[in-house]
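> Build me a model from this:
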Amino acid sequence: MSDRSKRRILVVDDEITVCKSIRQAILSDEYEVDMALSGEEALKKDGDKPYELIITDLMMPGISGLDLLKSLREARPEVNVIMVTGYPTIKTAVESVKMGAFDYLPKPFTPAELRGLVARAFKKAEGEDRGKGAVAGSRTPAGYYYMLGHTWLKVEDNDQATVGVVPDFLKTVGIITQLELPKVNEAITQGNVCGKISDADHFVHRIWSPASGRVIEVNARLVADSSVLRRDPFQNGFLFRLETGNLEEDLKGLLLAK
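Presented below is the predicted three-dimensional model:
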């Protein structure tokens, strides 16, 4: 693939060793990968020649990853941004998705997880480039809460809630070959893994929980037929039901469909 047709990616981190390791993990014939050691440098490089994907550390001196996201979204709303975050900043990472980040990647992560996330970001971009509209039934129903491009949450009585995956997430995933769900009575925290999808492209995609609590029911139907996820995402294709533990606070990190 010629340099002219390569996808352009910028990696941003104040530690050169981290930049280099991320760059090495994703560098390929398909991608041209540059580095920036600060938010300020990233904005300058992107201003000179815009990138299609920016992978940035969340916590940096000067212009933080969150500040960088705000500036990029104001200048170029179409740009995809992936946040790299540590466990103590998961809540901030959830907030970054609410602000329009494509996704976040908690440390530690494997090169395979990073490559899978990059592939998803470009599948999303390709769909938008081709002018694909929302498929039937893909709009999040009114009254549902959701993490943009990730999961949805339907609040039930007695502080219970149902969790599922939004169609926009599934459109960036290949043919599903395996679905991992949590176990009943398992404790789950908002922003952390609540399931995994393996696809025919040999990528593993982590699913983030939109709320914290204890799993009270898992959708056994999906074990036998994962295609229900795509065919009926907001009803029979739900992932699990949750007895919430911090609902009022968790809802602040989500968007409400109207």
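
> Quick one: mean pLDDT over the helix or strand containing Ala93.
According to DSSP states H and E, Ala93 maps onto helix 90-98. For helix 90-98, mean pLDDT is 90.

> Going by neighbour count, list what's buried in it.
By 16 or more other C-beta atoms under 10 Å, the buried positions in helix 90-98 come out as 90-97. C-betas here are computed from N, CA, C, even on glycine.

> Show me how this protein divides into domains.
Using automatic domain parsing, the domain parsing of the chain gives 3-129, 145-256.

> between the ones you listed, which one is nearest to Arg139?
Nearest to Arg139, of all these, is domain 145-256, at 8.5 Å by C-beta to C-beta.

> okay, how far is it across stretch 35-44, tip to tip?
Terminal residues of stretch 35-44 are spaced 12 Å apart (C-alpha to C-alpha, to the nearest Å).

> buried ones in it?
The neighbour-count check on stretch 35-44 (16+ other C-beta under 10 Å) flags 35-39, 41-43 as buried.

> picking that back up, possible to save the domains of the chain as TSV with distance to Arg139?
Converted to TSV, those look like this (distance: least, C-beta to C-beta, whole Å):
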stretch	distance to Arg139
domain 3-129	16
domain 145-256	8
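
> just so I know, which of those lies nearest Ser138?
Nearest to Ser138 among the domains of the chain is domain 145-256 (3.9 Å), distances taken as C-beta to C-beta.

> First residue to last residue on the closest one, what's the distance there?
Distance across domain 145-256, first residue to last, is 4 Å (C-alpha to C-alpha).

> Show me the strands in the stretch 101-250 of the chain, by range?
With strands called from DSSP state E, counting those that start in this stretch, the stretch 101-250 of the chain shows them at 103-106, 145-146, 151-155, 160-165, 176-180, 187-188, 193-199, 204-208, 213-218, 240-244.

> picking up where we left off before, ok, and what's touching the helix holding Ala93?
Here helix 90-98 makes contact (C-beta atoms under 8 Å, 6 or more residues apart in numbering) with 58, 65-66, 69, 81, 83, 85, 101, 103-104, 106, 147-150, 189-192, 208, 253-255.

> tilt between it and strand 204-208?
100 degrees (axes from the mean of the first three to the mean of the last three C-alpha atoms, to 10 degrees).

> Can you go through the contacts of helix 90-98 and name the buried ones?
Of those, these count as buried by 16+ other C-beta under 10 Å: 58, 65-66, 69, 81, 83, 85, 101, 103-104, 106, 147-150, 189-191, 208, 253-255.
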